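Novice: Structure for this input, please:
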Amino acid sequence: MAQPEEKKRIFLNAFDMSTVGHLSPGQWKNPVDKSATKRNLEYWIELAKLLDKGGFNALFLADTYGGYDTYEGSLDNCIRRAAQWPMTDPTIPIAAMAAVTKNLSFAITASTSFEPPFLLAKRFSTLDHFTGGRFGWNIVTSWKKAAFKAIGLENPIEHDERYRQADEYLRVLYKLWEGSWADDAISPDPENDVYADPDKIRTINHKGKYFTLNSRHIVDPSPQRTPFLFQAGTSTAGQEFAATHAEAIFVSSHSPVILRPKVTRIRELAAAQGRDPQSLKFFATYTPVLGRTDEEAREKYKELQKYASVVGGLVLVSGWTGIDLSRIPIDQELSAADSLEAHKVRSMLDAFTATSEDIPRWTPRVVAQKAAIGGLGRVGVGSPQTVADDMERWIRDGDLDGFNIGYVTTPGTFEDVVELLIPELRRRGLYPDQPAEGEKLTARERIYGKGQKGLRDDHTGSQYRYDRYQEDPPYQEEKKEEVAVEKDGN
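Specialist: Predicted structure coming up:
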């Protein structure tokens, strides 16, 4: 007799950003929303307590560098509508949140384009120590022209070149995190005035195309050594990068059917590199509007729409896609040809020009309806049973592993998930229980199981571990073949 298929366990991350208007701009006007208090550390402390007690896997913090100036060719409406503006640094609150939580992991976004690898390695090793290994990194390469101008570069690095640079960046980090220190390098010997053995701390000599480094890692090995690695971006170059480096991939679409081929492709690429394709975990954006009944949820959604900033949503989508939606007739179907800005998120452009049964035509009017609440992903409206059913469909049809839960109001959306949705998912046997009292798991163990603190053996970073480390030869420019030109003597 055939055994029933085991249902896939669902992971939920809270999806927030150190800004007033994340994926539902305008809700700062809603009396129940606390987005405008994010510059107060108390907001983050109270949110972390809620998420930890309620059983969320992680708090996933997005970030961006520079504002969105594609809409009307100006930054004014980005600022006016608080569309991911102003923006504080997501790194700063992590230690405070870790101090008031036991199980919650934290993942923050940081770019490979804006700082030397050594500085990021030091900061992230510190955070992994301070969180007890409950730390992850969402790797981005950055695309926004305004962000590059802010650090003195006129234009972003070309798209595929950014990913080639990021690949080397990660390998420098693996060398520092995995290869510089032996596990037993710290061996306190008070009688001989010795704290650590310098012979067990390797100097990393890296001379690559993009980066040069000659240093030992200045921080001793943290609980995970390498933070748990997220990645967002599913362009062709992004897929190759994810298949090589990512342990979890953040994807977004209005339909799981559109996501499925991308997920399949990345799993195939990972398998070709010798990785277990199921070890890569895919998280989709999902914004729930929950009520105790479907009718109550629909009424709540109707109330939320009163505060939505349509222009704020159009500012965000214009920036992501490179399409100035202020210039397109309201009912004209959008296409990739409308994207005149070279610097954009290619996977986002695909998402807003790919149609499905859910959205057969993308026009500025449709974008305006969708963008102001939930930004770019699925908005599920209904009772806990209705939303859980919808999530199961997305997991099944998209071959997903979990969701980054966007909020409409904060902390209200997260409170509803804790009170209504997680208990329903647990009743269905789909959501993990809290770790046992006193059991401390790292971010990686929460995903892969107890004992898997470090990178899996099939991950490319494992080749840089201290006991198997071999220095790469210096990078050399490829010599172009000289073409002999025969002169005619004239």
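
Novice: how about low-confidence regions in the stretch 351-490 of the chain?
Specialist: Low-confidence segments of the stretch 351-490 of the chain (pLDDT under 70): 351-358, 479-490.

Novice: Would you map the strands across it?
Specialist: Residue ranges of the strands in the stretch 351-490 of the chain, as given by DSSP state E, counting those that start in this stretch, are 378-382, 402-405.

Novice: Tell me which of the ones you listed sits most buried.
Specialist: Greatest average neighbour count among the strands of the stretch 351-490 of the chain goes to strand 402-405 (a mean of 25), per mean count of other Cβ atoms under 10 Å. For glycine as for every other residue, the C-beta is placed from the backbone atoms N, C-alpha and C.

Novice: just checking, what packs against that one?
Specialist: Strand 402-405 is packed against strand 11-17, strand 281-290, helix 384-398, with contacts defined by 3 or more Cβ pairs under 8 Å, 6 or more residues apart in numbering; DSSP states H and E.

Novice: if we go to 7 Å?
Specialist: strand 11-17, strand 281-290 (3 or more Cβ pairs under 7 Å, 6 or more residues apart in numbering; DSSP states H and E).

Novice: nearest to residue 428, of these?
Specialist: Closest to residue 428 of the helices and strands packed on strand 402-405 is strand 11-17 (Cβ to Cβ; 13.5 Å).

Novice: report the angle between the axes of the following helix or strand past that closest one and strand 11-17?
Specialist: Remark: after strand 11-17, the chain's next helix or strand is helix 41-54, criterion DSSP states H and E. Here helix 41-54 runs at an angle of 170 degrees relative to strand 11-17 (axes from the mean of the first three to the mean of the last three Cα atoms, to 10 degrees).

Novice: Strands of the stretch 201-350 of the chain, residue ranges please.
Specialist: 204-207, 212-215, 228-232, 248-251, 281-290.

Novice: In a markdown table: the strands of the stretch 351-490 of the chain, plus distance to residue 60.
Specialist: As requested, the strands of the stretch 351-490 of the chain are arranged in a markdown table below (distance: least, Cβ to Cβ, whole Å):
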| stretch | distance to residue 60 |
| --- | --- |
| strand 378-382 | 16 |
| strand 402-405 | 5 |
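
Novice: wait, residue 52 sits on residue 102?
Specialist: Yes: contact criterion Cβ atoms under 7 Å: residue 52 and residue 102 qualify, at 6.2 Å.

Novice: Between the two, tell me which one has more neighbours.
Specialist: Taking other Cβ atoms under 10 Å, residue 52 and residue 102 do not tie; residue 52 has more neighbours (20 against 16).

Novice: OK, contacts around the more buried one?
Specialist: When contacts are counted by Cβ atoms under 7 Å, 6 or more residues apart in numbering, residue 52 touches 101, 102, 103, 104.

Novice: run the last query once more with 10 Å
Specialist: For residue 52, the contact set (Cβ atoms under 10 Å, 6 or more residues apart in numbering) comprises 59, 97, 98, 100, 101, 102, 103, 104, 105, 134, 434.

Novice: Quick check: ChimeraX command selecting the buried ones in those.
Specialist: Filtering the contacts of residue 52 down to the buried ones (16 or more other Cβ atoms under 10 Å) takes a single ChimeraX command:
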select :59,97,98,101,102,103,104,105,134
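
Novice: So which of the contacts of residue 52 is the closest to residue 387?
Specialist: Distances from residue 387 to the contacts of residue 52, taken by Cβ to Cβ, are shortest for residue 59, at 20.3 Å.

Novice: Could you find the closest non-adjacent residue to that closest one?
Specialist: Leaving aside its sequence neighbours, residue 59 sits nearest to residue 14 (Cβ to Cβ, 6 or more residues apart in numbering; 4.9 Å).

Novice: And the helices in the stretch 301-450 of the chain?
Specialist: Assigned by DSSP state H, counting those that start in this stretch, the stretch 301-450 of the chain shows helices spanning 310-321, 346-351, 364-371, 384-398, 412-416, 422-427, 443-448.

Novice: Please identify the deepest-packed of these.
Specialist: Of all the helices of the stretch 301-450 of the chain, helix 310-321 has the most neighbours on average by mean count of other Cβ under 10 Å, namely a mean of 27.

Novice: Which strands or helices does it pack on?
Specialist: helix 76-80, helix 346-351, helix 364-371 (3 or more Cβ pairs under 10 Å, 6 or more residues apart in numbering; DSSP states H and E).

Novice: and the longest one, C-alpha only, in CSV?
Specialist: What it means is helix 364-371. In CSV, the C-alpha atoms belonging to helix 364-371 read as follows (Å, rounded to 0.1, in the frame of the first residue of the first chain):
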residue,chain,number,x,y,z
PRO,A,364,-0.7,51.0,-15.0
ARG,A,365,-4.2,50.7,-13.7
VAL,A,366,-3.6,47.0,-12.6
VAL,A,367,-0.2,47.9,-11.2
ALA,A,368,-1.8,50.8,-9.2
GLN,A,369,-4.4,48.4,-7.7
LYS,A,370,-1.7,45.8,-6.7
ALA,A,371,1.3,47.9,-5.8
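
Novice: got the contacts of residue 52 as JSON lines, with secondary structure and distance to residue 372 columns?
Specialist: Listed next are those as JSON lines, based on DSSP: H, G, I helix; E, B strand; the rest coil; distance: Cβ to Cβ, whole Å:
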{"residue": "59", "secondary structure": "strand", "distance to residue 372": "24"}
{"residue": "97", "secondary structure": "helix", "distance to residue 372": "29"}
{"residue": "98", "secondary structure": "helix", "distance to residue 372": "33"}
{"residue": "100", "secondary structure": "coil", "distance to residue 372": "33"}
{"residue": "101", "secondary structure": "coil", "distance to residue 372": "32"}
{"residue": "102", "secondary structure": "coil", "distance to residue 372": "36"}
{"residue": "103", "secondary structure": "coil", "distance to residue 372": "34"}
{"residue": "104", "secondary structure": "coil", "distance to residue 372": "29"}
{"residue": "105", "secondary structure": "strand", "distance to residue 372": "30"}
{"residue": "134", "secondary structure": "coil", "distance to residue 372": "33"}
{"residue": "434", "secondary structure": "coil", "distance to residue 372": "35"}
